[in-house]
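[1] my questions are about this predicted structure, shown below with the sequence.
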Amino acid sequence: MATTFWSSFREEARKVYIKVFQNSWPIWLAAVFLAILALMIFLWDSMWGITGGFRNWGDNFFYLIGLYSERPTEPWMSNMSMSNIGLVLGALAAALMAGQFKLRNSSWYEYLKGIAGGGLMGIGAAIASGCNIGGFYNAIGMFSMGGYAMMIGLGIGAYIGLRILIWEMMNVPQQFTAAPPSREMPGKAFINWGKISPFAGGLVLVLILTAFYLYSVQGETVLGGLLFFGALIGITMQRARLCFARAFREPFMTGDAEMVRAIALSLLIYGMGSAVIKYNWIQPETMGVFHPFWLGSLLGGIIFGIGMLLAGGCGSGSLWRAGEGHIKLIIAVVSFALFNSLGFAFLERFQVQDWLGSGVFMPDVFGWPLALAVFVLIPVAWALWAIWNEKSEKFVIF
């Protein structure tokens, strides 16, 4: 009887493992999970963000080499840095569990694009006070007017970036862009990596949970929780290949509307949850409302949009792809961090923020009823436009 029970248990566990870590997740389901996790972070601490973590890494680097005199917060004690680290580790664990982790090479030309794209994303995020997450997804979900300006900017930037890539395909010799073979895992000739990889992924998950516990023991439960939530986001995005860059690129490249529909759905869930939290003062109404409306968000969005097309990933997408072993995206992450730190320091030094605009809370302008109506209308209109464009290909330029 016991043998039958354990055999049945192992078989059910195997089926769950295949569904979670072998089969790809539906994008719409990942979008729903993303909204729920973002709301959990909002309740746990504050709005989810990525750019602050990048900037913290850049600040620490420039402090170590003596360029900055003021000591920044250590990366393991910074809230956004910890959620970013969790996102990378979660994506790494998911990729290992699925047998998809590999150090993926690119050409030297693509590495240069990674540097350029990451740098543009870093500068754009500094100007817009956030990347595709903080400046667009969170801004709209927090009812910050800057999110809509950045949404327009990201669309313009993605269009320009795609034009650059098309020009590149027509004019840059193929030998410059062709990637060398990807590197196999070390010791593959002596080790069956396919069998070990899932256990390595499981070990990463155990380490994440252990870190959560250790942070809690030290009285830093918030930091441990952000690492944990970041890991769940990394797993979610990796398993569904959820990519904000694709949502802005594909309507112009192939006409595919799937990612636009998913992001629009996620925005609706996230924003409605945020409205309940803010309206009931569980968190302050103006939390997450600091984006420079309208010039800073628009200009930053354009620059960021171009950068994410060159790099091949947005802020969040670069992190989970780095966790999969994409060397170009690892380079883009480093470039993002360095240029974002420098860009933010420049804006602060010369007080450029005053020219770019300030945070505008939608309910302060329209009142809650009309603000909610506008909030619902725009993502729905975006999704309907993408569906129409998928059928008509009116905006497809590729």
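    Yep, that arrived.

[2] any idea how far Trp281 is from Val289?
    Note on Trp281: its distance to Val289, by Cβ to Cβ, to the nearest Å, is 15 Å. C-beta here means a position set from N, CA and C on the backbone, and glycine is covered the same way.

[3] just Asn79 next, same as before
    Asn79 is 18 Å from Val289, by Cβ to Cβ.

[4] identify each buried residue in the helix or strand hosting Trp167, please.
    Assessed by DSSP states H and E, Trp167 sits inside helix 146-171. The neighbour-count check on helix 146-171 (16 or more other Cβ atoms under 10 Å) flags 146-151, 153-159, 161-162, 165 as buried.

[5] tell me the one of those residues nearest Leu39?
    Gly147 (16.1 Å; Cβ to Cβ).

[6] thinking again about what came up before, which element is encountered next along the chain beyond the helix holding Trp167?
    Using DSSP H and E, the helix or strand that follows helix 146-171 in sequence is helix 174-177.

[7] show me the contacts for the closest residue to Ser106 other than its chain neighbours.
    Nearest residue to Ser106 in three dimensions, chain neighbours excluded: Lys328, at 4.3 Å (Cβ to Cβ, 6 or more residues apart in numbering). Residues near Lys328 by Cβ atoms under 8 Å, 6 or more residues apart in numbering: Arg104, Ser106, Glu110, Tyr111, Lys113, Gly114, Ala311, Gly312.

[8] and if we set it to 10 Å?
    Lys328 sits next to 104-107, 110-115, 117-118, 179, 311-313, 318, 321-322 when contact means Cβ atoms under 10 Å, 6 or more residues apart in numbering.

[9] now, those that are in strands?
    Cross-referencing those against strands under DSSP state E gives no overlap.

[10] what subset of the residues you listed is buried?
    Of those, these count as buried by 16+ other Cβ under 10 Å: 104-107, 110-111, 113-115, 117-118, 311-313, 318, 321-322.

[11] can you give me the helices in the stretch 201-350 of the chain?
    Under the criterion DSSP state H, counting those that start in this stretch, the stretch 201-350 of the chain carries helices at the ranges 221-240, 244-253, 258-279, 295-311, 315-324, 327-349.

[12] what angle do the third one and helix 244-253 make?
    Following axes from the mean of the first three to the mean of the last three Cα atoms, to 10 degrees, one obtains 130 degrees for the angle between helix 258-279 and helix 244-253.
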